[in-house]
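Asker: Structure, please.
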Amino acid sequence: MTSDPSAAFFARHLSTGPVLGIFRGQDPRTTVDLCLRAWEAGVELVEIPVQSEDALPSLEAAVKAAGAHGKHVGAGTVTTVERLRAARDLGASFTVAPGLHPSVVEASQGAGLPHLPGAATATDIAGALAAGYTWIKAFPAQQLGPGWITAHLAPFPGVRFVATGGVGPGNAADFLAAGCAAVAIGSALSDPGALRRLREALNART
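Answerer: The predicted model follows:
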């Protein structure tokens, strides 16, 4: 296993505040508003999924807003080299994928972009480690469950999982207690009531 070129980036921004914000399918203005709320709540990293070209204007707007506030915005659902290049050209600070895509891994490393590959099996995890990644997205987390995290940390103790997919105030603490390094949260960051419950859940684990 080679050294993880992305580990320092994710550790720096997720170790103190273990929440990654995800805002999918919103227009640019709404996306920026959601980013501002997340940053005000102490979230350091925000992901804007770019599953289609229609999402690129929202990514661009979020990246510009991040620059003005000293924050970092990344592109999610980066499953092709073309998407990675588009995200890079718009100034994304990092990329995220639902799985392990060798061409994206190679391109992200070539571009010097921190990358968070996804995994849902032990084989996926082993592949990500072989590619040099120790920070790995556990997806879809709700279906996998906290027990999946604990079980896979036994043979892969050096992995830092980011639970993604169906994670919110009701189960975020469970994933962190199971050993996740961070959780990815979407709609809860736009709902003041849900955000309050999320804070209470995270505080309760300490």
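
Asker: quick one: contacts for the nearest residue to G179 once chain neighbours are set aside?
Answerer: Leaving out its chain neighbours, the residue that sits closest to G179 by C-beta to C-beta, 6 or more residues apart in numbering is L153, at 4.7 Å. Using the backbone N, CA and C atoms, a C-beta is placed for each residue, glycine as well. Contacts for L153 (C-beta atoms under 8 Å, 6 or more residues apart in numbering) come out as V159, F161, G179.

Asker: Just the closest of those to R37, please.
Answerer: F161 (25.3 Å; C-beta to C-beta).

Asker: Surely the closest one is in contact with A181?
Answerer: Yes - at 6.0 Å, F161 and A181 qualify as touching, with contact defined as C-beta atoms under 8 Å.

Asker: for this protein, what helix or strand is lowest in average pLDDT?
Answerer: Every helix and strand of the chain was ranked by mean pLDDT, DSSP states H and E. The lowest is helix 192-204, at a mean of 74.

Asker: Which residues belonging to that helix are considered buried?
Answerer: By neighbour count on 16 or more other C-beta atoms under 10 Å, the buried set for helix 192-204 is A194, L195, R197, L198, R199, A201, L202.

Asker: Could you tell me how far the residue lying closest to the fourth one once chain neighbours are set aside is located from R196?
Answerer: Just to be clear, that refers to L198. Excluding its sequence neighbours, the residue lying closest to L198 (C-beta to C-beta, 6+ apart) is P169, at 4.2 Å. Separation of P169 from R196 (C-beta to C-beta, to the nearest Å) stands at 8 Å.

Asker: and if you look at A111?
Answerer: For A111, the distance to R196 equals 38 Å [C-beta to C-beta].
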